[in-house]
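Asks: Build me a model from this:
(one chain, ligands or ions: 1)
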Amino acid sequence: MTSLDDLPLRADLRGRSPYGAPQEPVPVALNVNENTHGIPEDVAHDIVRSVAASIIGLNRYPDREFTELRRDFAAYLGSDLTEQNIWAANGSNEILQQILQAFGGPGRSLLGFAPTYSMYPLLASGTGTRWIARDRQADFELAPEYVASVIAEEKPDVVVLCAPNNPTGTPLDLETISAAYDAAPGIVIVDEAYAEFSEPGEPSALELLDGRPRLIVSRTMSKAFAFAGARVGYLAADPAITDALRLVRLPYHLSALTQAAARAALRHADEMLAVVDDIRGQRKRIANGLADLGYTPYRSGSNFVFFGGVVDTASVFRQLFERGILIRDIGIPGHMRVTAGTETETTAFLEAMSALRS
Ligand SMILES: *Cc1c(COP(=O)(O)O)cnc(C)c1O
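Replies: From the prediction side, this is the model:
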């Protein structure tokens, strides 16, 4: 059997592990922060009709500029954005990869504040970008002065701020983002994968885009939009940023099927996002329930709760798994992460956690 070691693999990829969140067919899967509510049936039918109509034209390459989809995203985001400010790709992971292809790469660096999204170091290594992980502050929070001083010290080519942060759920205020921008010599990405789950009235980094041409706000349809399987991510930034990404994207990277499905889903944004309120409610139930059991949940602006006080994370993971419940053991001692699912899933999780305690 040939192994990786037998292949002429790039030296900087030797010894690396691929992304590998477990994909097990369990009744209650709360480990990758999906929206566990299904797509409403009427919306599903409209998406099917739109995708079906696009199939007739699949002999041709799709619109390389996905202009209509970009226009739809601009309308969805509001804040005076136009399609020139928008870019899209197959998931925000591809968005982040394209940003690193254009602005990172060999001899350049990406700075993030750990613990943070596990894909950042992997995307850095795939693009030959040096990954710099600096610690978050107490309770995983970040203050403007701290972020600015770390950036001034490291002088990274790209900074990524995950807001709210995965896996900790920590929201990030605009003062910190703007301090990061002022201190950064290069690109600043704000990964707002979970923005829709923030408390109503919480501002988005979109508000900071005007006059900040090195700022990129990354979004996804994978979480609040319940569209993880379709693979659609997007960004808002100065039009010059999208020009840079045109240099590195594969031609026709967004299939006609993806464009049709995403546009159809966006037409039903209100209905697709109707469960966000309920998910916030389940997040609150989880935090309160875990606190009652003696765990320490952290503040979260996302659709998941990060909690400490776990004596043996591997054992809790295994015992929940035996009950058909999957949550995330991130490898941070004493801490675990659980997605806020439906009311029934949340109840199953909390009852199981209570049973483990007794
Ligand atoms: C889930 C997640 C994404 C989304 O990735 P997609 O490729 O859009 O599915 C991006 N950033 C963070 C921090 C996430 O947790």
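Asks: got the domain boundaries for this structure?
Replies: Domains of the chain are assigned by automatic domain parsing as 21-37+275-357, 41-270.
Asks: wait, which of the ones you listed is closest to L4?
Replies: domain 41-270 (14.4 Å; Cβ to Cβ). The way it works is simple: take the backbone N, C-alpha and C, and place the C-beta from them, glycine included.
Asks: is that closest one anywhere near the ligand?
Replies: Yes - interface with the ligand: domain 41-270 contributes 91-93, 117, 162, 166, 191, 193, 220, 222-223, 228, 233 (Cβ under 6 Å from any ligand atom).
Asks: pLDDT of that domain, averaged?
Replies: Here domain 41-270 scores 97 as its mean pLDDT.
Asks: Can you show me the helices along the protein?
Replies: Using DSSP state H, the helices found in the chain span residues 41-55, 67-77, 92-103, 119-126, 144-154, 174-183, 239-246, 256-267, 269-272, 276-292, 313-322, 343-357.
Asks: follow-up on the earlier one: filter the residues of domain 41-270 next to the ligand down to the buried ones.
Replies: Buried members of the residues of domain 41-270 next to the ligand, counted by 16 or more other Cβ atoms under 10 Å: 91-93, 117, 162, 166, 191, 193, 220, 222-223, 228, 233.
Asks: Can you lay out the residues of domain 41-270 next to the ligand as a markdown table showing distance to L206?
Replies: Shown next, in a markdown table, are the residues of domain 41-270 next to the ligand (distance: Cβ to Cβ, whole Å):
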| residue | distance to L206 |
| --- | --- |
| G91 | 20 |
| S92 | 15 |
| N93 | 20 |
| Y117 | 20 |
| C162 | 16 |
| N166 | 19 |
| D191 | 13 |
| A193 | 14 |
| T220 | 14 |
| S222 | 18 |
| K223 | 17 |
| A228 | 22 |
| G233 | 15 |
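Asks: farthest pair in those residues?
Replies: Among these, C162 and A228 lie farthest apart (Cβ to Cβ), at 17.2 Å.
Asks: Next, find the distance separating G186 from V159.
Replies: According to Cβ to Cβ, to the nearest Å, G186 stands 7 Å off from V159.
Asks: no wait, D72
Replies: To V159, D72 is 29 Å away according to Cβ to Cβ.
Asks: which of those two has more neighbours?
Replies: V159 (27 against 23; other Cβ atoms under 10 Å).
Asks: ok, now which ones touch S17?
Replies: For S17, the contact set (Cβ atoms under 8 Å, 6 or more residues apart in numbering) is empty.
Asks: Residue numbering should commence at 38 henceforth.
Replies: Got it, first residue is 38 now, which makes that one S54.
Asks: Excluding sequence neighbours, find me the nearest residue to R322.
Replies: Leaving out its chain neighbours, the residue that sits closest to R322 by Cβ to Cβ, 6 or more residues apart in numbering is T383, at 5.5 Å.
Asks: Then L50?
Replies: Per Cβ to Cβ, 6+ apart, closest to L50 is S162, 6.6 Å.
Asks: related to what we said a few turns ago, so which of the domains of the chain is nearest R47?
Replies: The closest of the domains of the chain to R47 is domain 78-307. By Cβ to Cβ, the value is 8.2 Å.
Asks: Make sure L291 is actually in contact with F103.
Replies: Yes - taking Cβ atoms under 8 Å as the definition, L291 is a contact partner of F103 at 5.1 Å.
Asks: Spatially central residue in the chain, please.
Replies: What sits nearest the mean C-alpha location of the chain, by Cα atoms, centre = their mean, is A230, with 3.7 Å.
Asks: Would you enumerate the residues in contact with that residue?
Replies: Counting by Cβ under 8 Å, 6+ apart, A230 has contacts 129, 154, 199, 203, 255-257, 259-260.
Asks: if you set the cut-off to 6 Å instead, what comes out?
Replies: 129, 257, 260 (Cβ atoms under 6 Å, 6 or more residues apart in numbering).
Asks: State the phi and psi torsions of it.
Replies: Dihedral angles of A230 (phi, psi; degrees, to the nearest 10) stand at phi -60, psi -30.
Asks: how far away is the closest residue to R286 other than its chain neighbours from P250?
Replies: Excluding the flanking residues, the one nearest R286 by Cβ to Cβ, 6+ apart is Q135, at 5.7 Å. Plainly put, Q135 is 17 Å away from P250 if you go by Cβ to Cβ.
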